[in-house]
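Asker: Here is a sequence together with a model predicted from it:
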Amino acid sequence: MTMKKEDLRIVYMGTPDFAVEALRCLVEGGYHVVGVVTMPDKPAGRGHKIQFSPVKQYALEHNLPLLQPEKLKNEEFLDELRAWKADLQIVVAFRMLPEVVWNMPRLGTFNLHASLLPQYRGAAPINWAVINGDTETGITTFFLKHEIDTGEVIQQVRVPIADTDNVGMVHDKLMTLGGRLVVETVDAILNDTVKRIPQEEMAVVGELRPAPKIFKETCRINWNHPVKHIYDFVRGLSPYPAAWTELVQPDGEAVVVKIFETEKQEEAHRLVPGTLQTDGKMYIRVAAADGFINIRALQLPGKKRLKTDELLRGFRLTEEFEMK
């Protein structure tokens, strides 16, 4: 017995931009979203102004009922969630759910994850796929169960990663496709055509890689690494949260420089990794293990992101500087 999409009561859970697209596709597609759960508002930026999550902004604009629990096991929240009588819950870029939440709807809860599960379980799948130099990633919908990102897979879409893609470009591709895949998954559940695939039965090429949360220290460039490794590392963190290094001035003072775009130049040299070469006008290149990294776009503290030639017009850089 198949249900009509207008009769299927959906509760949607998500927070960042990535999660808005699927919600938009459901609302514009005429699906019955009875409520939205998103993270509590938090102060952001220099003025610590309270900032609504992108999902909250969308929910408010479309008059969707909204819950923002601090704790997902809070009895008051659970009662409010039950009152929505969801048949199905959909989770996109939210947080780990306790069983009392994911087990609530009669059709279960499915998640959209931005990797080809079982690869890249964890908080930052898109970053790590690019950092690791993968040439392909994708998106997966799967039913939630106890261990994070381990439930049975419903559907997957594969997406190539070009050598020139940064994480921002891959994020936007996956976000658009993710919106479509969520709708297709809901339709498959409505029509009872879902074939659940246990992740342990899925073919994986190579070893399973994790996708742990990225912290500031994670983003520091190691100039002793090979050129390709550093190039992939920079684009896997660009434009956000951004790879960084310390620019050490001739007097020994260091400033943190964010690096957004590079070119790789493999060539033998005998320089110490981190040695900086520049003509002071057009180019900056830094020695790595097996060649040079040409820096194309970077940012000094308190300044905006600039192309290398723009930065060199206003900042006197000489070869007495080094990167650490």
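Answerer: Received, thanks.

Asker: Against Ser238, how distant is Lys258?
Answerer: 9 Å (CB to CB, to the nearest Å). All C-beta spots, glycine's among them, are computed from the backbone N, C-alpha and C.

Asker: Give me the more crowded residue out of those two.
Answerer: More crowded of Lys258 and Ser238, by other CB atoms under 10 Å: Ser238, with 24 against 21.

Asker: host element of that one?
Answerer: When elements are assigned from DSSP states H and E, Ser238 belongs to no helix and no strand.

Asker: so it makes contact with Met169?
Answerer: No: in this structure, Ser238 is not within contact of Met169 by CB atoms under 8 Å, at 9.4 Å.

Asker: Look up the pLDDT of Ile259 for me, please.
Answerer: Looking at Ile259, its pLDDT stands at 98.

Asker: For the closest residue to Lys4 other than its chain neighbours, grab the count of nearby residues.
Answerer: Excluding its sequence neighbours, the residue lying closest to Lys4 (CB to CB, 6 or more residues apart in numbering) is Leu190, at 7.8 Å. Neighbour count of Leu190, defined by other CB under 10 Å: 19.

Asker: how close does Leu190 get to Ile126?
Answerer: 29 Å.

Asker: buried ones in stretch 277-293?
Answerer: Neighbour counts over stretch 277-293 (16 or more other CB atoms under 10 Å) mark Thr278, Tyr283, Ile284, Arg285, Val286, Ala287, Ala288, Asp290, Gly291, Phe292, Ile293 as buried.

Asker: immediately after the longest helix along the chain, which helix or strand?
Answerer: If you go by DSSP state H, the chain has its longest helix at helix 167-190. Sequence order places helix 227-235 as the next helix or strand after helix 167-190, per DSSP H and E.

Asker: got the angle between the helix or strand just after that following helix and helix 227-235?
Answerer: Once the chain leaves helix 227-235, the next helix or strand it forms, by DSSP H and E, is strand 243-248. Counting by axes from the mean of the first three to the mean of the last three CA atoms, to 10 degrees, strand 243-248 points 110 degrees away from the direction of helix 227-235.

Asker: just checking, what packs against strand 243-248?
Answerer: strand 254-266, strand 322-323 (3 or more CB pairs under 8 Å, 6 or more residues apart in numbering; DSSP states H and E).

Asker: Quick one: mean pLDDT over it.
Answerer: Mean predicted lDDT for strand 243-248 stands at 97.

Asker: end to end, how far does stretch 234-252 reach?
Answerer: 25 Å (CA to CA, to the nearest Å).

Asker: What are the buried residues along that stretch?
Answerer: 234-239, 241-248.

Asker: residue boundaries of the strands in the stretch 51-200 of the chain?
Answerer: Using DSSP state E, counting those that start in this stretch, the strands of the stretch 51-200 of the chain run over 66-67, 88-92, 109-113, 136-143, 153-160.

Asker: want to try CSV for those, with mean neighbour count as columns?
Answerer: Output for these, formatted as CSV (neighbours: other CB atoms under 10 Å):
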stretch, mean neighbour count
strand 66-67, 15
strand 88-92, 25
strand 109-113, 26
strand 136-143, 23
strand 153-160, 17
